[in-house]
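# sharing a sequence plus its predicted fold:
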Protein chains: 2
Amino acid sequence: MKKSNTSPLGGMQELLPRLQIEFDRCRHDIEEAFLQHGFQRIETPTIERLSILLAKAGGETEKQIYKVVKTAECQDDADQALRFDHTVPLARYVVEHLNDLAFPFRVTQVGRNFRGERPQKGRFREFYQCDIDIIGRNRLSVEYDAEVILTLAEALRRLPLPGDFRIRVSNRKLLTGLLEALNLEQHASAIFRIIDHAEKVSVEKTREALEELKIGSERVTKIVDFMNLCGDWRSMVAQLRGFNLENAGFREGVRELERVLQTLEVWTQAQNATYEVVADMKIVRGLDYYTGTVFETILLDHPEVGSICSGGRYESLASNYTEQKLPGVGGSIGLSRLFYILRNFGSVTESMKMPVDYCLIPLDETRSVMATAAELAQKLRRNKHVVDVVWGQKKLGDKMKYAGKVAERAVIIGEEEVRLADQGGFKVKNLISGEEEILMV
Amino acid sequence: MKKSNTSPLGGMQELLPRLQIEFDRCRHDIEEAFLQHGFQRIETPTIERLSILLAKAGGETEKQIYKVVKTAECQDDADQALRFDHTVPLARYVVEHLNDLAFPFRVTQVGRNFRGERPQKGRFREFYQCDIDIIGRNRLSVEYDAEVILTLAEALRRLPLPGDFRIRVSNRKLLTGLLEALNLEQHASAIFRIIDHAEKVSVEKTREALEELKIGSERVTKIVDFMNLCGDWRSMVAQLRGFNLENAGFREGVRELERVLQTLEVWTQAQNATYEVVADMKIVRGLDYYTGTVFETILLDHPEVGSICSGGRYESLASNYTEQKLPGVGGSIGLSRLFYILRNFGSVTESMKMPVDYCLIPLDETRSVMATAAELAQKLRRNKHVVDVVWGQKKLGDKMKYAGKVAERAVIIGEEEVRLADQGGFKVKNLISGEEEILMV
């Protein structure tokens, strides 16, 4: 009977109403956690100047930008495209509204971003991201890195995850400092990429990839030793100090990592948190713009799905748009992808709760019956109930069938009920148990 | 200090955090009213197949569609564009998921749509629309038209409007039937356009425009008489019957209008509603796809801003995509435009409430101070309070200055407070009144 292809485009998420309820609940729980930690909501436009987006995008991202064609009536506008993340529009927003914001500016954006990637299972081209960022003016203490991680962890705790999670923290200054000390700056991006990739391949493959750089086996060993460091922060800090590197950046990295992990320890203890926080030198966050703390999060029982929440510290949010130094730290939960994962694990299923509390079924269309239905609906809605009314002249059986699909309870309203209503009572049929109840309103 | 243009693109709404709070509140209140009336939320993708959008769009709308350029990695996809309303994606959604939905399907979509219009004050190119629709399978009783109007009115009632509003209702079958009876079918779209435009020009101009059609002054008078009908439904129905038209469509239009207005009367009386509902033959909803009931809403004290909420009945939602008959009725509140109007009238201003309830200020970074702050934050957040923590080694004065900008209360935590905390008490500075309070947790 269909005349055309009505499936959504590839890479787009489209949910039935009962799953949408669960998606909305996840989104709500995340946002509530963010707001309770003092983050303020903003919304930036979906469409931005292409020049603004290209100032940051590079490599893969640039190839994935959806450009927007100017319409006949907007010919004089700048070239435009859909935003691919929340960070670039945030940078523009902060510069634009610099004098109207209080710093450190705690900000959250929850919305849809767009990347025209090759189709892959569980990857979306239009996807929800739930971001938080804290932006300082000139400086921003390193404890805010811990604050961002704590806030994201609290949001994750509220979601129906299959088991607990582990937050893996590192600091970019460590690897950068190590490479400086080993005179390997010119190989930095290659080495970052190899470490970022290390968990997807065998230990031998990683070593081979490093050896292909022809940097000598001693330096390869140093790098492999470094990237394998992982564990409790006290032992980690001791081991990093044991590297005895005379590099200022490396030493600052150790101090920052120590401070972030110490802060996280105090706070997670106060919360009796069950999630784990570890230092892990394999975390580099690819070729992103991070300059200090970096973190990723894995599900303990399902590390194979990769990071479900990540972020880090950037020295300057908006250096492309302003001379003002705006250091920041942020992180993001990729909700569309995470929701897809939770559905696959069966952690999320269609809402079992009926969307409607009371389905009112007027038996005829006389004024008194209608008025009785209207007054009952009014009272129930005032008490925050969801009320549906079945209109029209269908058979009662058909109306009850509809009610059974959407509602927990049905109230049939005919002349008898009009009389009963004068005494404040209604016969209610519980559609789940099949029992009759009397509702006094 | 700015290096590039950081303003949002023309036609995009971008709010400071304190106004965003008010926007979010309006959006929440509207959605809550919709949900309480049994409408189920769905979200459709922002990007759709161009062929799906063009199947409905026509005339002006088509010129305003933002096309999206396929990225290098999505070359095999269909041509794409941004949705310009919620109705077209809904039609596709209902056809796609036909067997998984319960009919009549009460559905709401709240999200951003896109039209690349010429720039105008208070018109946005990216704008929020809050839609509800009820879709039947094969048939849908006319009382559902009243249900949609009642639900939208309830949503409007919850908004900070400047004064009350009037809902103006008509039925397309009346004008269509009149033109049939007058043998004016071939002029129908011209006449629809003239009536739709009538309120923006003088009475004479409208008459002149009709006379230019060369249809004879008797028929012009009939049309002018018809379009000037407006008022209470009882007198209106009597006057329409007084036209004595032997046209089946016209008669059906009278019956439908009567039934819709009768239903609205019973329900608004039960709610003690203060808004007005009138029948008004000037309402035609332009060249839209409506086939029965049509309605618009004006602010009583500010009719000049035009309709703030409108919609109507369509005989077949998805005739472009399926043979299945899916009659529907829907309506929409254009939230971005309405919010702009409310700001202009001063009905909405920046939220005066501070976003943060308690701002915690640790005096130093010893473990005991940090642990005390962490425990207090945990307890307050568990009680649904918004808690911010000011980190780092700034001066206390600077920290208090920040707190004063974002928070209602500040709690300074030093060694003394650690001792006090053991007895469960904290000294709290109320930043609004300046007074000190003791908080027992």
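Cool, the structure landed. This structure is a prediction, so every number in the text was calculated from the model and none was measured.
# just want the residue of the stretch 301-441 of chain A that's nearest chain B.
Here the stretch 301-441 of chain A gets closest to chain B at one residue, A:G392, 2.9 Å apart by Cβ to the nearest Cβ. C-beta coordinates here come from the backbone N, C-alpha and C atoms, glycine included.
# for the closest residue in space to that residue that isn't next to it in sequence, helix, strand, or coil?
Of all residues not flanking A:G392 in the chain, B:S141 sits nearest, at 2.9 Å (Cβ to Cβ, 6 or more residues apart in numbering or on different chains). Remark: B:S141 carries the secondary structure label coil [criterion: DSSP: H, G, I helix; E, B strand; the rest coil].
# now do the buried residues in stretch A:23-34.
Along stretch A:23-34, these residues count as buried under the neighbour rule (16 or more other Cβ atoms under 10 Å in any protein chain shown): A:F23, A:C26, A:R27, A:D29, A:I30, A:E31, A:A33, A:F34.
# run a quick neighbour tally on A:K63.
A count of nearby residues for A:K63, using other Cβ atoms under 10 Å in any protein chain shown, gives 14.
# what does A:K429 give?
A count of nearby residues for A:K429, using other Cβ under 10 Å, gives 19.
# check contacts around it.
Applying Cβ atoms under 8 Å, 6 or more residues apart in numbering or on different chains, we find A:K429 in contact with A:R409, A:A410, A:V411, A:I412, A:E435, A:E436, A:E437.
# now secondary structure, pLDDT and neighbour count too, for these, in a markdown table please.
What follows is the contacts of A:K429, written out as a markdown table (DSSP: H, G, I helix; E, B strand; the rest coil; pLDDT from 0 to 100; neighbours: other Cβ atoms under 10 Å in any protein chain shown):
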| residue | secondary structure | pLDDT | neighbour count |
| --- | --- | --- | --- |
| A:R409 | strand | 97 | 21 |
| A:A410 | strand | 97 | 22 |
| A:V411 | strand | 96 | 25 |
| A:I412 | strand | 95 | 20 |
| A:E435 | coil | 94 | 9 |
| A:E436 | strand | 93 | 9 |
| A:E437 | strand | 89 | 12 |
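# which two among the residues you listed are spaced furthest apart?
Within these, two members stand farthest from each other by Cβ to Cβ: A:I412 and A:E435, at 14.7 Å.
# hang on, the earlier thing: can you narrow the contacts of A:K429 to ones near chain B?
When contact is defined as Cβ under 8 Å from any Cβ of the partner chain, the contacts of A:K429 do not meet chain B at all.
# identify, from these, the entry nearest to A:C230.
A:R409 (54.9 Å).
# that closest one and A:L376 touch, don't they?
No: contact between A:R409 and A:L376 fails when scored by Cβ atoms under 8 Å: they sit 11.9 Å apart.
# check contacts around the residue nearest to A:E246 when sequence neighbours are not counted.
With Cβ to Cβ, 6+ apart as the measure, A:A181 is the residue that lies nearest to A:E246, at 7.0 Å, once sequence neighbours are left out. With contact taken as Cβ under 8 Å, 6+ apart, A:A181 is in contact with A:L245, A:E246, A:N247, A:F250.
# and A:F243, by the same measure?
A:F243 makes contact with A:L178, A:F226, A:F250 under the criterion Cβ under 8 Å, 6+ apart.
# stretch A:273-284: end-to-end distance?
25 Å (Cα to Cα, to the nearest Å).
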